[in-house]
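Asker: Provide a 3D model corresponding to the input given below.
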Amino acid sequence: MKKFREVINGMCGIAGILNFNDRPIGKETLKAMSDSLYRRGPDDAGFYLDDGIALIHRRLSIIDLTAAGHQPMCNEDKTIWLTYNGEIYNYSELASELKARGHVFKSRTDSEVIIHGYEEWGEDCLNKFNGMWAFALWDTRKKQLFCARDRFGIKPFYYFLDENRFIFASEIKTILTDKKIPCGPNDRVIFDYLAYENNDYIDHTEETFFDGIKRLVPAHRMVVDINGGCKISRHWDLDPSKKIVRISDQEAAQRFHALFEDSIRLRLQSEVPLGTCLSGGLDSSSIVCMISKLISNDGVNPGVIGSRQKTFSACFEDKACDEREFIKAVVERTRVETNYVFPEGKELFDLAPKFIEDQGEPVAGTSQWAGWMVMRLARERGITVVLNGQGADEILAGYGSYFLANFKDLFKGLRWSSLKNEIDKYSEYHGYPKQWLVRELFRHFVPFHPFRWKRRLLGDEEMGLFPSWLNKDFIKTHGGGIEEKEKYNGYMDQSLYHFLTFERLPSLLRYEDRNSMAFSIESRLPFLDYRLVEFCFSLPSRQKIRNGIGKVVLRNALKEILPHAVHQRIKKIGFATPEILWFRTDCRKQIEEIIHSKSFRERRYFDGDAVVKHFQGFVNGEPVNPRPIWKYINLELWLRQSF
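Answerer: Numbering: from 1, shown residues only. From the prediction side, this is the model:
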């Protein structure tokens with residue numbers, strides 16, 4: 001066994017190789033992989049190397065800044081080695097439990113909790129962890145690698161597997177430092193990215209944009225042995241049977257408040273500067289206001305937060321996207337220190353190459369670029385950890401489609417009075433005509449609706465449901481549709497589960513990780529504490545949607561600490577950017593150059609003339625969907641950069 005270490009000035013990133021033929025692994029190979037993860041771990045680099053096995057770690061020091069936190073880390077007799085990225089927020093509690101069972105600790109890190117937890121509970125140790133993680137643990141006795149990813153996929157884990165070796169890493173580019181790995185674009189994923197214009201069907205399976213490179217999907221573990229055997233299994237899922245049928249508003253609010261407060265308290269554990277992202281929406285405002293409450297009650301280490309909580313926001317001159325009115329309401333309530341960045345269309349394409357490189361795979365829209373700008377600002381202000389509001393929409397019914405799901409549940413339950421009230425209120429608050437809402441309910445719910453029968457007979461292609469600018473041969477090859485297994489009986493519950501595990505959240509978490517790690521920042525997400533998620537899924541629908549308003553239990557729970565303007569806010573912007581304005585003005589020239597370029601028009605994905613027609617129609621103000629514009633531009637720039 002050989003172990004070598006270098007300390008550099010250079011967050012957490014992990015990687016490793018398991019050769020099934022005991023072929024030696026060179027230090028040059030490990031260094032190239034480690035260097036590619038530099039931005040994820042600027043504080044330390046470590047390696048473990050033995051016959052046919054290598055583990056790599058890049059460290060961003062958050063807790064226990066001493067050398068005792070160095071990884072890869074081992075147990076006392078060096079039979080278990082770990083490389084790990086993430087945070088186990090209940091590590092202190094688990095460490096106490098493990099010490100009581102006779103385990104000896106040499107550090108104050110959560111990494112050591114994983115090692116001793118595995119010794120004590122085996123693979124079931126995952127059930128004990130509250131946090132976010134991606135790790136690989138080498139068991140020298142069993143000659144197997146135990147890999148796992150957290151319940152929601154906050155931390156990434158990619159891998160390549162063939163008959164000779166298993167290679168894993170936090171980022172795909174690290175795997176591809178091995179030039180012998182066959183690599184090309186994954187047309188199936190590219191089709192789903194382009195064809196479903198308003199959806200994010202790209203991160204819910206093991207497939208990535210790189211053909212042959214897989215991801216370990218959220219809530220799964222993988223065991224790979226020295227002979228090439230590989231077993232993947234789920235270690236956690238929501239239980240539809242755990243439903244609370246009746247609960248008062250007061251009890252629901254009290255339980256939510258307690259869980260949310262504890263989730264934030266756990267995520268404030270840090271020995272480095274910490275800040276908060278603040279969009280002005282209900283979710284991020286709730287985090288900022290709860291932290292402010294904890295500070296006032298002496299519940300937070302002032303050395304981490306500072307004399308005033310620091311917040312970071314993206315704002316725009318376009319009033320339709322600007323949320324400074326609500327940000328200022330939060331500031332007046334909490335007296336936090338504000339830091340603003342103003343993303344502009346004229347700098348989008350100047351910064352696009354770096355942003356696309358940092359993301360590694362295409363993204364859905366320019367909102368992700370604005371998020372990247374926020375993280376850059378936080379790093380410039382010396383912040384190493386941020387709290388953000390991802391996950392709230394998925395567990396508390398924050399998207400418009402949840403209201404339709406609620407209508408369908410009420411329709412199915414023959415609750416006509418409640419259905420009429422919800423349609424009336426939603427129409428009043430959100431501006432949708434009642435006739436349109438009823439028509440949508442009829443189209444989506446009634447099995448004999450002509451649209452459903454026609455779609456069943458003709459298919460999506462003949463129905464014209466795929467974009468006209470997609471290459472017809474590309475559609476014929478990959479337009480088979482997306483399958484999803486239903487887990488819940490109710491429309492609302494299934495819709496929540498869909499966005500949590502299938503369509504929306506997996507992609508948002510990828511964007512969040514890449515944006516934060518690009519600037520050596522760890523992003524923590526209080527709404528994705530699994531206890532809070534399980535509680536929210538157990539609640540009846542009326543605790544999420546009532547009288548045309550969403551996130552009912554959150555509003556009730558935090559009424560006393562939120563500014564009135566934010567608490568009563570109904571219309572959601574959703575961290576939008578003024579990309580429609582940008583694409584018609586500042587970015588128009590660059591977009592036209594790209595879609596007229598030789599490389600773009602030779603792609604097998606597009607009908608080049610139809611793309612030009614689509615964009616020209618958009619520029620001329622015709623009623624065309626603007627969302628695909630960034631998608632086909634981002635894809636082209638990513639292809640140029642990656643292959």
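
Asker: point out where this protein drops to low pLDDT.
Answerer: Applying pLDDT under 70 to the chain picks out residues 1-11, 63-65, 299-304, 306-307, 445-464.

Asker: residues touching the residue nearest the centre of the chain, list them.
Answerer: By CA atoms, centre = their mean, the mean C-alpha position of the chain lies nearest to residue 509, the distance being 0.7 Å. The contact partners of residue 509, taken as CB atoms under 8 Å, 6 or more residues apart in numbering, are 152-154, 203, 390. The C-beta positions use only the backbone N, C-alpha and C, and glycine is treated the same way.

Asker: would you turn these into TSV with distance to residue 540, neighbour count and secondary structure?
Answerer: Converted to TSV, the contacts of residue 509 look like this (distance: CB to CB, whole Å; neighbours: other CB atoms under 10 Å; DSSP: H, G, I helix; E, B strand; the rest coil):
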residue	distance to residue 540	neighbour count	secondary structure
152	23	24	coil
153	27	25	coil
154	28	25	coil
203	30	27	coil
390	24	24	coil
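
Asker: for those residues, work out which two are farthest apart.
Answerer: Pairwise distances across the contacts of residue 509 (CB to CB) peak at 13.2 Å, for the pair 203 and 390.

Asker: now name the helix or strand holding the residue lying farthest from the centre of the chain.
Answerer: Using CA atoms, centre = their mean, the residue of the chain lying farthest from its centre is residue 417. It sits 38.1 Å away. For residue 417, the element it lies in under DSSP states H and E is helix 416-430.

Asker: one more: residue 58?
Answerer: Per DSSP H and E: strand 53-59 holds residue 58.

Asker: name the residues of that strand that come out as buried.
Answerer: The neighbour-count check on strand 53-59 (16 or more other CB atoms under 10 Å) flags 53-59 as buried.

Asker: stretch 68-78: end-to-end distance?
Answerer: Start to finish, the residues bounding stretch 68-78 are 15 Å apart (CA to CA, to the nearest Å).

Asker: next one: stretch 564-579
Answerer: Terminal residues of stretch 564-579 are spaced 30 Å apart (CA to CA).

Asker: export only the CA atoms of the strand or helix carrying residue 370, formatted as CSV.
Answerer: Using DSSP H and E, residue 370 maps to helix 367-380. Only the C-alpha atoms of helix 367-380 are listed here, as CSV (Å, rounded to 0.1, in the frame of the first residue of the first chain):
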residue,chain,number,x,y,z
SER,A,367,-31.4,31.9,-15.1
GLN,A,368,-28.6,29.4,-14.4
TRP,A,369,-26.1,32.0,-15.7
ALA,A,370,-27.5,34.6,-13.3
GLY,A,371,-27.1,32.1,-10.5
TRP,A,372,-23.5,31.7,-11.6
MET,A,373,-23.0,35.5,-11.3
VAL,A,374,-24.4,35.4,-7.8
MET,A,375,-21.9,32.8,-6.7
ARG,A,376,-19.1,34.8,-8.3
LEU,A,377,-20.1,37.8,-6.3
ALA,A,378,-20.3,35.8,-3.0
ARG,A,379,-16.7,34.5,-3.6
GLU,A,380,-15.5,38.1,-4.3
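
Asker: so in that sheet, which strands flank the next helix or strand along the chain from that helix, and in what orientation?
Answerer: Later in the chain than helix 367-380, the nearest helix or strand by DSSP H and E is strand 385-387. Sheet pairing of strand 385-387 (DSSP bridges) gives strand 274-277 (parallel), strand 522-524 (parallel).

Asker: which positions within stretch 249-256 qualify as buried?
Answerer: Of all the residues in stretch 249-256, those buried under the rule 16+ other CB under 10 Å are 252-253, 255-256.

Asker: repeat that for stretch 504-523.
Answerer: Residues 504-523 are the ones in stretch 504-523 that count as buried (16+ other CB under 10 Å).

Asker: next SSE downstream of the strand holding residue 58?
Answerer: Next along from strand 53-59, by DSSP H and E: strand 73-74.

Asker: neighbouring contacts of that following strand?
Answerer: Under the criterion CB under 8 Å, 6+ apart, residues 48, 80-82, 84, 107, 109, 111-112, 115 lie in contact with strand 73-74.

Asker: equivalent analysis for stretch 597-609, please.
Answerer: By CB under 8 Å, 6+ apart, stretch 597-609 touches 187, 190-191, 194, 468-474, 594-595, 611, 632, 635-636, 639-640.

Asker: what do you get for stretch 339-357?
Answerer: With CB under 8 Å, 6+ apart, stretch 339-357 has contacts from 275, 310-317, 362, 366, 369-370, 372-374, 376-378, 381, 577-579, 581-583, 585-587, 590, 634, 637-638, 641.

Asker: when you filter those residues down to buried only, what's left?
Answerer: Counted by 16+ other CB under 10 Å, the contacts of stretch 339-357 give 275, 310-316, 362, 366, 369-370, 372-374, 376-378, 577-579, 581-583, 586-587, 590, 634, 637-638 as buried.

Asker: residue 360 - how many residues pack around it?
Answerer: Using other CB atoms under 10 Å, residue 360 is surrounded by 23 other residues.

Asker: relative to residue 509, how far out is it?
Answerer: Using CB to CB, to the nearest Å, we find residue 360 at a distance of 14 Å from residue 509.

Asker: which other helices and strands does the longest helix seen in the chain contact?
Answerer: Longest helix in the chain by number of residues (criterion: DSSP state H): helix 249-267. Counting contacts by 3 or more CB pairs under 8 Å, 6 or more residues apart in numbering; DSSP states H and E, helix 249-267 is packed against helix 282-296, helix 530-538, helix 552-557.

Asker: wait, which of those helices is closest to residue 27?
Answerer: Of all the helices and strands packed on helix 249-267, helix 530-538 comes closest under CB to CB, at 39.1 Å.

Asker: would you mind pulling the contact partners of the helix or strand following that closest one?
Answerer: Counting by DSSP H and E, the element after helix 530-538 in chain order, helix or strand, is strand 545-546. The contact list for strand 545-546, computed with CB under 8 Å, 6+ apart, reads 397, 402-403, 406, 422, 492, 552.

Asker: mark which of those are part of helices, please.
Answerer: Judged by DSSP H, the subset of the contacts of strand 545-546 located in helices is 402-403, 406, 422, 492, 552.
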